[in-house]
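Asks: below is the sequence, then the predicted model.
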Amino acid sequence: ATLNLLQDVFTTAGVSSKEIDLPQIVVVGSQSTGKSSVLENIAKQNFLPRGDGIVTRRPLVLQMIQVPGKKVIDGVARHTWAKFLHKGDALYTNMDHVQQEIIADTERKCGVNKGISDDPIHLKLYSTRIPSLTLVDLPGLTKIPVGDQPRDIDQKIENLVRSYIKKDNSIILAVSAGNVDIANSDALRLANQVDPSGSRTIAVITKCDLMEKNEESTAVLEGTSVDVKLGLIGVINRNNKQLAEKTPIEKILEIEEDYFLDHYPGIADRMGTEYLTSQLCDILIGHLKRCLPMLSDKIAKQQAFHREILKDIGEEPSDPNQAMIMLLSQFTDSLGKSMEGRYTYTVMRPDARAIKKSAKKGETPNEVTLIPEETSAGAELFEVFQKECTRELSIIPADKNLHNLKKTIRSTSGVQPALFIPDGVFNTLIIKQLDMFDMPTQHAITKSHTCIAEAIDSIAAKSMVRYPKLEREVVNISKDYLARQKKIAQEFVEEYLEVEKAFINTNHPEFVERYQLAAAMFGEPDEEQKK
């Protein structure tokens, strides 16, 4: 119970396993060795997804919690229920729904293909029929990619498994199938690499009813052929018929007990799921007792470290709502000033040791006003519009479409000789020229969007360093709004160019001026010449 509580606290607080490594039992095995059946038999519930290939694609942290009595849920007294960390207070009494949620959350994180993720699913299972025990189920080891699995899926899974079992505080539950030569067990191979002495490894042999009864199988179950200090335990899995018929797990455990009494009477008291469950509880408690001094020391150091951070941050605001309004106002004001080149920012002492020496006279002890060293957003926008966009527009060649001028004139003149440029040809050339304005302007909009988005990230990170969750929300909302405005700007430019192409205004002052200039260069015909 204490371990479950610590895991909840660390997960909620975002404490990584690199900071404090809690004792845990990690379940390792190849695909189709029966890992799921072992876990379900221990939990006495059918709740894990089943299928071909990689079914477990994310670590599943299963916290089994023994409760003293039933709980009334939706007006019904229940002896078993479940709860996911990512689903808040939602309670599940139907194990099929638990299975569906595991699949759904896996697909939300990994997609519908066969990719994997190291982001764990946290599931609590409450029951009057189970012991308090925490197990971590990992994706099954594989050797050959199948179907749409990534080509390097075997290495990815092995790296994920190693990241869990290499920790000194991890107990390795190495699952191997009894109908396969134990010398070829991938689970025991990996366990031996990270735990050569076998002091952290307990071996489980599944499908013992499929093993051929001989001296070799007896030696395997007696543990003489495998060097693991925490023991070797044989269990029996449900077969396909029993799964299809949904044979109760309690019945399977009875069949398992009878099988070992009949076939291995000398070691029957050290075989089976019930014995495995009892051993895991004892092993975890013993391991936790050995780790407690080290854990206590690490927790004390982390506690002191975070107290110093809290001390540097300052006291909690007396009015959280007012403080949030102030931070949002500072953010919007700073963003506006960044566009004008007048941007400074105020921080609420995220690290006093680094910045309190720079505090100016008149500033409060918890606040420091700083001038950013980077270029302001306004200066970057000026660079985009006044320099880059202008330069790209100015280098558009005016004669790019003129090489086809003669051909276009002849095409529009038909059988008549062409003495002047027809209006249709003129309009076609102008429209083609206007089409070339689209890419530079759209490019400017995209660069402006990127520039403002970077300003939002930078200003939010500086002004809200004390409140990372608020920072993430403000950044997400701001960027969503910015994306909508980008789309509006792009549509406006497209519509504006279409309007320009729809009506070629030859009375525009600049057009008239250029026409008169051209006429002066080539000379206007006098009255005599006109006659």
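Replies: Great, that's in hand.

Asks: excluding its backbone neighbours, what's nearest Ala77?
Replies: Lys70 (4.2 Å; Cβ to Cβ, 6 or more residues apart in numbering). Yep, even glycine has a C-beta here, placed from its N, CA and C like the rest.

Asks: same check on Thr446?
Replies: Closest residue to Thr446 apart from its sequence neighbours, by Cβ to Cβ, 6+ apart: Lys486 at 7.6 Å.

Asks: quick check: that neighbour is in a helix.
Replies: Yes. Counting by DSSP: H, G, I helix; E, B strand; the rest coil, Lys486 is part of a helix.

Asks: tell me the contacts of the closest residue to Lys207 other than its chain neighbours?
Replies: Nearest in space to Lys207, with sequence neighbours left out and distances taken as Cβ to Cβ, 6+ apart, is Gly178 at 4.6 Å. Contact analysis of Gly178 by Cβ atoms under 8 Å, 6 or more residues apart in numbering lists Ile205, Thr206, Lys207, Cys208, Leu210, Met211, Ser217, Val220, Gly234.

Asks: cross these against strands and list the overlap.
Replies: Ile205, Thr206, Gly234 (DSSP state E).

Asks: if any of these are buried, give me the PyMOL selection for them.
Replies: Those of the ones in strands among the contacts of Gly178 that count as buried under 16 or more other Cβ atoms under 10 Å are selected in PyMOL with:
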select buried, resi 205+206+234
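
Asks: would a markdown table of the ones in strands among the contacts of Gly178 with pLDDT and distance to Asp457 be doable?
Replies: As requested, those are exported to a markdown table (pLDDT from 0 to 100; distance: Cβ to Cβ, whole Å):
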| residue | pLDDT | distance to Asp457 |
| --- | --- | --- |
| Ile205 | 94 | 54 |
| Thr206 | 93 | 51 |
| Gly234 | 93 | 56 |
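
Asks: name the nearest of the ones in strands among the contacts of Gly178 relative to Leu482.
Replies: Comparing the ones in strands among the contacts of Gly178 against Leu482 with Cβ to Cβ places Thr206 closest, at 54.7 Å.

Asks: list the beta-bridge partners for that closest one.
Replies: Beta bridges link Thr206 to Ala177, judged by DSSP bridges.

Asks: so it touches Arg238, yeah?
Replies: No. When contacts are counted by Cβ atoms under 8 Å, Thr206 is not listed as touching Arg238 (10.6 Å).

Asks: which neighbours do those two share?
Replies: Ser37.

Asks: which elements pack onto the helix or strand in which Lys251 is found?
Replies: Secondary structure assignment for Lys251, by DSSP states H and E: helix 249-263. Contacts defined by 3 or more Cβ pairs under 8 Å, 6 or more residues apart in numbering; DSSP states H and E place helix 249-263 against helix 35-43, helix 273-313.

Asks: dump the ones you listed to CSV, plus mean pLDDT.
Replies: Formatted as CSV, these follow (pLDDT from 0 to 100):
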stretch, mean pLDDT
helix 35-43, 91
helix 273-313, 83
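
Asks: which among these is found nearest to Thr142?
Replies: Thr142 sits nearest to helix 35-43 of all the helices and strands packed on helix 249-263, at 12.6 Å, using Cβ to Cβ.

Asks: quick one: the helices in the stretch 401-531 of the chain?
Replies: Ranges of helices in the stretch 401-531 of the chain, per DSSP state H, counting those that start in this stretch, are 405-413, 423-435, 438-463, 468-502, 509-522, 527-530.

Asks: single out the most deeply packed of the ones you listed.
Replies: helix 438-463 (a mean of 18; mean count of other Cβ atoms under 10 Å).

Asks: which other helices and strands contact that helix?
Replies: helix 320-340, strand 345-347, helix 377-382, helix 390-394, helix 468-502.

Asks: chain center to the last one, what's the gap?
Replies: Using Cα atoms, centre = their mean, to the nearest Å, we find the averaged C-alpha position of helix 468-502 to lie 26 Å away from the chain's own average C-alpha position.

Asks: now do that helix and helix 320-340, the angle between them.
Replies: 40 degrees (axes from the mean of the first three to the mean of the last three Cα atoms, to 10 degrees).

Asks: okay if I get the contacts of Gly178 as CSV plus distance to Asn46?
Replies: Shown next, in CSV, are the contacts of Gly178 (distance: Cβ to Cβ, whole Å):
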residue, distance to Asn46
Ile205, 22
Thr206, 17
Lys207, 18
Cys208, 21
Leu210, 21
Met211, 25
Ser217, 29
Val220, 28
Gly234, 22
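
Asks: mind checking how far Lys487 is from Cys451?
Replies: Distance from Lys487 to Cys451, counting by Cβ to Cβ, to the nearest Å: 17 Å.

Asks: extract the CA atoms of the helix or strand containing Ala174 and return them as PDB.
Replies: Under the criterion of DSSP H and E, Ala174 resides in strand 170-177. In PDB, the C-alpha atoms belonging to strand 170-177 read as follows (Å, rounded to 0.1, in the frame of the first residue of the first chain):
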ATOM      1  CA  SER A 170      13.600  -3.700 -10.400                       C
ATOM      2  CA  ILE A 171      12.600  -7.300  -9.700                       C
ATOM      3  CA  ILE A 172      12.600  -9.200 -13.100                       C
ATOM      4  CA  LEU A 173       9.700 -11.600 -13.600                       C
ATOM      5  CA  ALA A 174      11.100 -13.500 -16.600                       C
ATOM      6  CA  VAL A 175       8.300 -15.500 -18.300                       C
ATOM      7  CA  SER A 176       9.200 -18.400 -20.600                       C
ATOM      8  CA  ALA A 177       7.000 -21.000 -22.300                       C
END
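
Asks: so which bits of the next helix or strand after it are buried?
Replies: Next helix or strand after strand 170-177 toward the C-terminus (DSSP H and E): helix 186-194. Going by neighbour count (16+ other Cβ under 10 Å), the buried part of helix 186-194 is Asp186, Ala187, Leu188, Leu190, Ala191, Asn192, Val194.

Asks: what's the closest non-adjacent residue to the last one?
Replies: To tie it back to what came earlier, the one meant is Val194. Val194 sits nearest to Lys166 (Cβ to Cβ, 6+ apart), 4.6 Å away.

Asks: what's the pLDDT at the one you found?
Replies: The predicted structure scores Lys166 at 91 on the pLDDT scale.

Asks: next one: Leu160
Replies: For Leu160, the model assigns a pLDDT of 93.

Asks: for the one 3 residues further on, same thing?
Replies: In this model, Ser163 is scored at 91, pLDDT.
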